[in-house]
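Asker: Kindly return the folded structure for what I paste below:
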Amino acid sequence: MIIRGKALLFAVICICVAMTVPEIMGKALFLPVTGRLYTRTREYPEVVYVPNYTEGPYLAARSAVLIEATTGTVVYGKNEHMRMHPASTTKIMTALLAIELGDTESTVIVSGNAASIPGSSLWLKKGQEIKLGDLIRGTMLRSGNDGCVAIAEHIAGREGNFVRMMNLKARKLGAMNTRFANPHGLTDPNHYSTAFDLALMARYGLKYPLFADIVSTREAEVTLTQGEFKEKRKLANTNWLLWSFEGADGVKTGTTAAAGYCLVASATRRGVQFISVVLDSDARWSDSARLLSYGFDRFHVMTFAEKGRTLVKTQVKGGMAPEVSVMAEDDMRIVVPRDLAHLIEEKIVLDEPLIAPVVSGQTVGRLVIMFDKDELAGVDLVAEESVAKLTLPRLIMRKLEDTVRRPRLRRISENCGGEWLWGFMKA
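Answerer: The predicted structure is shown next:
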């Protein structure tokens, strides 16, 4: 077969295009895209994901997540919504409810049912007495299953009642892929959670000073009483990250055959706290350390406004005062990848002209944070104080004051530099 010149040229062009287009497309697909990459979930709870949040360090964990504690921003996720066995990380919720609903100074009497629970234990005996505060601490440090049942019975009368309360609290926190069947985490087909849900629970718990203190404690001593006999026990935390990672301050380990090795961890450096969760990981310590280091190294928290602090002042037309201080209605903090910080801008948009009367707390504008020209977040700006409408007597007084002040200023200006200075003052 003879190929004519035009046909040959056309074939060559087609081959070149076929070879070049995939290369161009491949490069285009992997170009760093920045616009509109902050994403926000529509369902409850509303959560913000940073750009490219699925990219990060290599982890052995089957499921993992990393969030910034103050804002709740997800900076890394790997199968974070996959339902999995949570093992003893379940105890985060048990401790939360005990702190919220119980009196830490009250006395817990250990039942035979609680003392018989298998697995990791505080070695409780039927009839022993212990303060609820000590029991919570011991349960979280040593991961005692027996302590969890004793807490549940003390708070709710029966373990089943307490479990229902755990599930209700999980829903309130937005942990929609969580279901508890017991307060300790022993394997049950109807007992599951996710890395994301556990991060929500830990973040909520860390807002309580007592919870934060307990989960950051390396060693503690608790007292058990039975009749006349008192026993003091020293307990060490099962979270070895507290000894090995700078700034580590929580939260809870978990291990069962079904769940594998799990860890909910937290660390704080320079006022910024990250919470990591790794589930079913053969390297939970290094996975957690790698995740937390990734958070501190790659991200920082930008503070644009703090509730109660003046941002700007704006003029008030026809008011008893010429201007009013303006503050944000709430804090405005955003987690920003360090290499994309240059794409963040802030805009203050004020209602102008602002006409008196102005009421304290009145919305007078908005602070808008832009990411690569798209609106990322915003907060209302409000007046810090009230400004009454200018009254006629006060208006007359102002005019009189101006009338008296201007000749005086003119004399001073003439003494200091002449007519040009007076003209400047009038302007």
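Asker: Quick one: residues contacting the nearest residue to residue 309 once chain neighbours are set aside.
Answerer: Leaving out its chain neighbours, the residue that sits closest to residue 309 by CB to CB, 6 or more residues apart in numbering is residue 327, at 6.1 Å. No exception for glycine: its C-beta is placed from N, CA and C like everyone else's. Contact analysis of residue 327 by CB atoms under 8 Å, 6 or more residues apart in numbering lists 305, 307, 308, 309, 310, 311, 381, 382, 384.
Asker: What does the second one show for phi and psi?
Answerer: Which is residue 307. Dihedral pair for residue 307: phi -60, psi 130, per degrees, to the nearest 10.
Asker: shouldn't it be in contact with residue 331?
Answerer: Yes: counting by CB atoms under 8 Å, residue 331 is a contact partner of residue 307 at 5.3 Å.
Asker: higher neighbour count, the two?
Answerer: Remark: of residue 307 and residue 331, residue 331 carries more neighbours, 15 against 12, as counted by other CB atoms under 10 Å.
Asker: So for the helix or strand the residue nearest to residue 309 falls within, mean pLDDT?
Answerer: Residue 327 belongs to strand 323-328 when elements are defined using DSSP states H and E. The pLDDT scores in strand 323-328 average 94.
Asker: which helices and strands sit right next to the next helix or strand after it?
Answerer: Using DSSP H and E, the helix or strand that follows strand 323-328 in sequence is strand 332-337. Other elements packing on strand 332-337 under the criterion 3 or more CB pairs under 8 Å, 6 or more residues apart in numbering; DSSP states H and E are strand 299-305, strand 363-371, strand 374-383.
Asker: Make sure residue 246 is indeed in a helix.
Answerer: No: judged by DSSP: H, G, I helix; E, B strand; the rest coil, residue 246 forms no part of a helix; its state is coil.
Asker: I figured it hits residue 267, correct?
Answerer: Yes: here residue 246 reaches residue 267: they are 7.3 Å apart, a contact under CB under 8 Å.
Asker: if you count what's nearby, which of the two comes out ahead?
Answerer: Each of residue 246 and residue 267 has its neighbours counted (other CB under 10 Å); residue 267 has more, 26 against 11.
Asker: give me the element that one is part of.
Answerer: Per DSSP H and E: strand 260-269 holds residue 267.
Asker: Now that strand: buried residues?
Answerer: Residues of strand 260-269 classed as buried: 260, 261, 262, 263, 264, 265, 266, 267, 268 (neighbour count, 16 or more other CB atoms under 10 Å).
Asker: Over to stretch 237-251?
Answerer: Neighbour-count burial for stretch 237-251, counted by 16+ other CB under 10 Å, picks out 237, 238, 239, 241, 242, 245, 248, 249, 250, 251.
Asker: Pull the distance from that stretch to the chain's centre.
Answerer: Counting by CA atoms, centre = their mean, to the nearest Å, stretch 237-251 is centred 19 Å from the centre of its parent chain.
Asker: Residue numbering should commence at 27 henceforth.
Answerer: Sure, I'll start numbering at 27, so the last one becomes stretch 263-277.
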